[in-house]
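J.: next input, structure requested:
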Amino acid sequence: MTTAGDDKLRMLFVATMFLYPVDTGAKIRTTQVLRGLHDGRFDVTLAGPATAAEQAEHSAAVAAFADRVVHWPVGSRNAWFRISRMRHLWSRQPIPVVTDRSAAGRATVAALLAERPDVVVADFPHAMVLLPERLDVPLVVFTHNVEAEIFARHRDVSADPVRRAIWNDQYRKMVRYEKSVIERADAVVAVSERDAKILERDYGGRSVRVIPTGVDLEYYAWQPPGEGRDIVFCGSMDWLANIDGVRFLLDDVWPRLLALVPDATMTIVGRDPPRNLVDEAARRGFDWRFTGRVPDTRPYVHAGAAFVIPLRVGGGTRLKVYEAMAMGCPVVSTSIGVEGLPVRHREHCLIGDTADELAASLADALRDASLRRSLSEAARDHVERHFSYRNAAAVFEDIALEAVRRRAGISAT
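T.: The predicted model follows:
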């Protein structure tokens, strides 16, 4: 056990996922905050679930994220797990929340709370199912998005009436659950001004603060955009929002783009692409490549002439936007893809929402080398000036300190 120095406060950071490999937007944001907190005002204990294989393979990598790391055992979240969790459809709580609840997790967190940390951070509202009903320490809830909004958008794009009914039921449950969590928090961390307004207006959030989106500018180094005709998408292909976006690209956008740029190609970078999507792209004769999981997305992004974000569903902010901008690959996105981010059309990126608009924007990026270069340079400059991950961690630390002081009745000055 690591003992905090006399000059440090103790933070218990409760996660609902194993944080390595760092291959999703949520993991990137969480680990960047944890890295930035290192050597700051808090001694951080990270608590989260892990399978035996994850601990055996990646415990050293995760150990770098905090002063101390404590895991509780969980089973593998394989295909059977994703199917079996549907049994929770009739639960009072939404499915993602119920499946994060764990007796081992609650016992582990209870033991860590007995050490009397100065502040507790719940990473995602889901983490609250691992905490007791009553907390005697300040609580900070880290919201990576407004979860209920994602469910509502899935409902709205679902053509199947049964799916629409299920998503609507999950939406109502998530609204109720998120509201109960936000009302308990001493401080709420949001990732965009838009999310902060929703959390205050609809959920009664108190002391809602926004942290900037953070990017590791050294890791995501800039290069001039590619000169070919390849378009890149990066994202976990077992996430429903990404599947819906790529399906929209395949069915509606790509035929229109080929009418404008017949030699356009597509690279989908992300784990577990659905077989039906891969087969459908091949059946239609599209020049699409699905890489599956890769150890490093940077070579694919640097080689691309454009980086597409065709999302119609989602929430929070997309870290992939700023990563692509930092690397110099021109971003072409729907409005939802860049939602909550202070970017401007034709200055930092290109935006189109309908299939015709998105196809036209992609065609502009592929055919106009000067536009690509202009977007690339302006985007990198924008990220450098505003979005270092160290800035995000510094704001997060201030929020946690403020929550501790407020509970103790100490002036922030």
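J.: switch to C-alpha atoms for all contacts and neighbour counts from now on
T.: Fine.
J.: any low-confidence regions in the stretch 301-413 of the chain?
T.: For the stretch 301-413 of the chain, the stretches with pLDDT under 70 are 314-317, 410-413.
J.: just the helices in it please.
T.: Listed in chain order, the helices found in the stretch 301-413 of the chain under DSSP state H, counting those that start in this stretch are 319-327, 355-367, 369-386, 389-408.
J.: quick check: angle from the second one to helix 369-386?
T.: Helix 355-367 runs at 100 degrees relative to helix 369-386, counting by axes from the mean of the first three to the mean of the last three C-alpha atoms, to 10 degrees.
J.: which strands and helices sit next to helix 355-367?
T.: Using 3 or more C-alpha pairs under 8 Å, 6 or more residues apart in numbering; DSSP states H and E as the contact definition, the elements that helix 355-367 packs against are helix 254-260, strand 306-309, strand 331-333, strand 350-351, helix 369-386.
J.: of all those, which one comes closest to V189?
T.: Between V189 and the helices and strands packed on helix 355-367, the tightest spacing by C-alpha to C-alpha is seen for helix 369-386, at 18.2 Å.
J.: list the contacts of the closest one.
T.: Contacting residues not belonging to helix 369-386 are listed as 212, 215, 217, 222, 224-225, 227, 305, 322, 325-330, 346-349, 364-366 [C-alpha atoms under 8 Å, 6 or more residues apart in numbering].
J.: quick revisit: deepest of the helices and strands packed on helix 355-367, which one?
T.: Mean neighbour counts were taken over the helices and strands packed on helix 355-367 using mean count of other C-alpha atoms under 10 Å, and the top value, a mean of 30, falls to strand 306-309.
J.: parallel or antiparallel, list what pairs with it.
T.: Here strand 306-309 is paired, per DSSP bridges, with strand 230-234 (parallel), strand 331-333 (parallel).
J.: can you lay out the ones you listed as JSON lines showing distance to V33?
T.: What follows is those, written out as JSON lines (distance: least, C-alpha to C-alpha, whole Å):
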{"stretch": "strand 230-234", "distance to V33": "22"}
{"stretch": "strand 331-333", "distance to V33": "25"}
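J.: would you mind writing the CA trace of stretch 318-327 as CSV?
T.: Extracted in CSV, the C-alpha atoms of stretch 318-327 (Å, rounded to 0.1, in the frame of the first residue of the first chain):
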residue,chain,number,x,y,z
ARG,A,318,-15.2,12.9,-29.7
LEU,A,319,-11.5,12.8,-28.9
LYS,A,320,-10.8,11.3,-32.3
VAL,A,321,-11.7,14.7,-33.8
TYR,A,322,-8.8,16.5,-32.0
GLU,A,323,-6.4,13.5,-32.5
ALA,A,324,-7.0,13.6,-36.3
MET,A,325,-6.7,17.4,-36.3
ALA,A,326,-3.4,17.2,-34.3
MET,A,327,-2.1,14.7,-36.8
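J.: about what we covered before: tell me which of the helices of the stretch 301-413 of the chain lies nearest to V119.
T.: If you check each of these against V119 by C-alpha to C-alpha, helix 389-408 wins as the nearest, at 6.5 Å.
J.: show me where the chain dips below the pLDDT cut-off.
T.: Under the criterion pLDDT under 70, the flagged ranges of the chain are 1-6, 78-84, 314-317, 410-413.
J.: show me where it has its strands.
T.: Using DSSP state E, the strands assigned to the chain run over residues 9-14, 42-50, 68-73, 119-123, 139-142, 187-190, 208-210, 230-234, 265-269, 288-292, 306-309, 331-333, 350-351.
J.: and the ones you listed, which is most packed in?
T.: With neighbours defined as mean count of other C-alpha under 10 Å, the strands of the chain peak in mean count at strand 306-309, which reaches a mean of 30.
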